[in-house]
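Chemist: Have a look; sequence and predicted model below, questions after that.
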Amino acid sequence: MKRTNTFAVRPLSQAGERVLRDLLDASAALWNEVNYERLMRYNDEDGLEDESVWDADTGSLEGQYKPVLGASTAQQVIQKNSNAWTAFFRNKQQYHDQSDDSVTEHPSPPGFRGNKDDGRVLKGVIRKDAYSVEWGTRSRLEMIVGEELRDRHNSPKSRLRLEIVGELNWPDYEDQGRLELWYDETDGTFRASQPVTIPDDTRATPLADETAALDIGANNLVACTTTTGEQFLYDGSQPFEQFREAANRIAELQSKLDDQRRTSKRIDRLYDQMYGRRDHAQDALVRDLVERLYVDGVSTVYVGDIRDVLSTHWKAEVNAKTHNFWAYRRFIHRLECVCEEYGIDLLEESEAWTTQECPGCGEREETERNGDLFRCVCGYEGHADLKASQVFLERETGTEVGLMAQPVRLKWDDHHWSEIPHSLERASPNEERTNRSTHRTVGNLASVESA
């Protein structure tokens, strides 16, 4: 299985910090020069991919930076930039493909990592065989640096040692990938990201053969129903509000920039904070949800293909909110990784019409949604997102789901997803409490005459 160790690192001395800063600064400078050469050759009018981009003389740049970075690191920086351009052309092709709506905004070529005058973004990569991690009482990271850095700062044997702060998530791995290093200006910390391959026998085995379905939404991040009758609802109001406030602040600061400038250090920090908070909330949600599903005996999870819903059913303002916040493919990738740890199969299927369909009578046209409340002409009403996950689950399994318990509602507090104390409260004030051992729906099903 592929996983990633992300951890903080700390230089052992002031001289060591100077080596690290110079290494990352030179990596950013090389990135900028390679990117500039490719950008100057890029012609947007000659099709989706301009082959002249790959004609840039990266060999001379590699030779120029090899004394500082070392040959292997210089090669990796150039390769990383090549990967970024390849991804750009792929996204551009998907954007222009009318049958593929996975890319909804026109992609831009890879950007620069700051500049010499305003300060470069301290970020670099180290080839897999040019660094080592020792895990133990005093864990440390050791990497190769160029001869020029060695001589400038008396780095012994052209190697830099850094202390690892905290614990690795995956200390027992079979292989490691390319290391990424960067300086986090938000909290003044150097951080590292280490892709690793761990043995398959570390994967857990599902406790039973139950199934779950997830509905991904704009206000509630995830609504989940399982064949055991459990339901989970993750409230998105807090992370959405933080994301919106940061985006508005960025827009305000950008409006004050000179015409020649596109960003600033303050704006870059806000972007890092905005996306960092989003990713933290989403990653914690995935971990919390999958652990709950594992305990519930779930072995298969269906997740809706949100792209189909975005293009056909949701309102424009909801689409924009979801596109900007969700980073859908990243979320699905994270969900796949954590499900794999627990031996749970993840299947992505279309969830079209689950939002409109009534679980009581199957009606689609004569239904309506007002906020979280779903109503049908048959008299059914209930929580819209939980209802959608129930319909989705019943469609994929071909069986009716008997909901045996009240939904568990969870709220984000910037650190954890915690159950709301009054989770047993119903979603609508006019929904009467029912005996869950005999009533299969999450809403109130009344006759038309009594409505």
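Modeler: Structure's in. What do you need?

Chemist: Tell me where the stretch 101-250 of the chain is predicted with low confidence.
Modeler: For the stretch 101-250 of the chain, applying pLDDT under 70 flags the ranges 101-104, 154-157.

Chemist: residue boundaries of the helices in it?
Modeler: For the stretch 101-250 of the chain, the helices defined by DSSP state H, counting those that start in this stretch occupy 147-153, 237-255.

Chemist: Sort out which residues of the helix or strand following the last one are buried, please.
Modeler: Taking DSSP states H and E as the definition, the helix or strand that follows helix 237-255 towards the C-terminus is helix 265-295. Residues of helix 265-295 classed as buried under the neighbour-count rule (16 or more other Cβ atoms under 10 Å) are 267-268, 270, 272-274, 277-278, 281-286, 288-290, 292-294. The C-beta positions use only the backbone N, C-alpha and C, and glycine is treated the same way.

Chemist: Against which helices or strands is the next helix or strand after helix 265-295 packed?
Modeler: Following helix 265-295 in sequence order, the next helix or strand is strand 298-304 (DSSP H and E). Applying 3 or more Cβ pairs under 8 Å, 6 or more residues apart in numbering; DSSP states H and E, one finds that strand 298-304 makes contact with strand 210-216, helix 328-341, strand 345-349, helix 384-397.

Chemist: Let me know which of the helices of the stretch 101-250 of the chain is tucked in deepest.
Modeler: Highest mean neighbour count among those (mean count of other Cβ atoms under 10 Å): helix 147-153, with a mean of 17.

Chemist: Val286 is in contact with Phe331, correct?
Modeler: Yes - using Cβ atoms under 8 Å, Phe331 is in contact with Val286, at 7.4 Å.

Chemist: Need the pLDDT of Cys378.
Modeler: Note on Cys378: pLDDT of 88.

Chemist: Identify the residue spatially nearest to it, adjacent ones excluded.
Modeler: Nearest residue to Cys378, sequence neighbours excluded (Cβ to Cβ, 6 or more residues apart in numbering): Cys361, at 4.2 Å.

Chemist: Quick check: which element contains the one you found?
Modeler: Using DSSP H and E, Cys361 maps to neither a helix nor a strand.

Chemist: Where do the strands of the stretch 101-250 of the chain begin and end?
Modeler: Assigned by DSSP state E, counting those that start in this stretch, the stretch 101-250 of the chain shows strands spanning 114-115, 119-120, 123-126, 131-134, 140-144, 159-165, 175-176, 179-184, 189-197, 210-216, 220-226, 231-235.

Chemist: do you know which of those strands lies nearest Val77?
Modeler: Closest to Val77 of the strands of the stretch 101-250 of the chain, according to Cβ to Cβ: strand 123-126, at 6.1 Å.

Chemist: Tell me which other helices or strands the closest one touches.
Modeler: If contacts are counted by 3+ Cβ pairs under 8 Å, 6+ apart, strand 123-126 sits against helix 14-41, helix 71-96, strand 179-184.

Chemist: Buried residues, the longest one. List them.
Modeler: Of the residues in helix 14-41, those with enough neighbours to count as buried (16+ other Cβ under 10 Å) are 16-17, 19-20, 22-35, 37-38.

Chemist: Can you identify the element that follows it toward the C-terminus?
Modeler: Later in the chain than helix 14-41, the nearest helix or strand by DSSP H and E is helix 58-69.

Chemist: Just the CA trace of that following helix, in PDB.
Modeler: The C-alpha trace of helix 58-69 is given here as PDB (Å, rounded to 0.1, in the frame of the first residue of the first chain):
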ATOM      1  CA  THR A  58      17.400  22.200 -18.600                       C
ATOM      2  CA  GLY A  59      20.800  20.400 -18.900                       C
ATOM      3  CA  SER A  60      22.800  23.600 -18.500                       C
ATOM      4  CA  LEU A  61      20.600  24.700 -15.600                       C
ATOM      5  CA  GLU A  62      21.200  21.400 -13.900                       C
ATOM      6  CA  GLY A  63      24.900  21.900 -14.300                       C
ATOM      7  CA  GLN A  64      24.700  25.400 -12.900                       C
ATOM      8  CA  TYR A  65      22.900  24.300  -9.700                       C
ATOM      9  CA  LYS A  66      24.600  20.900  -9.200                       C
ATOM     10  CA  PRO A  67      27.400  22.400  -7.000                       C
ATOM     11  CA  VAL A  68      24.800  23.700  -4.500                       C
ATOM     12  CA  LEU A  69      22.100  21.100  -4.700                       C
END
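
Chemist: Quick one: residues contacting the residue nearest the centre of the chain.
Modeler: Nearest to the mean C-alpha position of the chain, counting by Cα atoms, centre = their mean, stands Arg330 at 3.8 Å. By Cβ atoms under 8 Å, 6 or more residues apart in numbering, the contact list for Arg330 reads Asp279, Gln282.

Chemist: ok, it to Cys337 distance?
Modeler: Going from Arg330 to Cys337 by Cβ to Cβ, to the nearest Å gives 11 Å.

Chemist: Then Arg113?
Modeler: As judged by Cβ to Cβ, Arg113 and Cys337 stand 28 Å apart.

Chemist: Have a look at those two and say which one is more surrounded.
Modeler: Neighbours were tallied for Arg113 and for Cys337 using other Cβ atoms under 10 Å; the higher tally belongs to Arg113 (21 against 17).

Chemist: returning to that earlier point: redo the helices and strands packed on strand 123-126 as TSV? Include distance to Thr225.
Modeler: Output for the helices and strands packed on strand 123-126, formatted as TSV (distance: least, Cβ to Cβ, whole Å):
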stretch	distance to Thr225
helix 14-41	46
helix 71-96	32
strand 179-184	38
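
Chemist: what's the closest of these to Ser418?
Modeler: With Cβ to Cβ as the measure, strand 179-184 is the member of these nearest Ser418 (26.3 Å).

Chemist: just checking, what packs against that closest one?
Modeler: So strand 179-184, by 3+ Cβ pairs under 8 Å, 6+ apart, packs with helix 14-41, strand 123-126, strand 189-197.

Chemist: Could you tell me the phi and psi values at the residue nearest to Cys378?
Modeler: phi -130, psi -10 (degrees, to the nearest 10).
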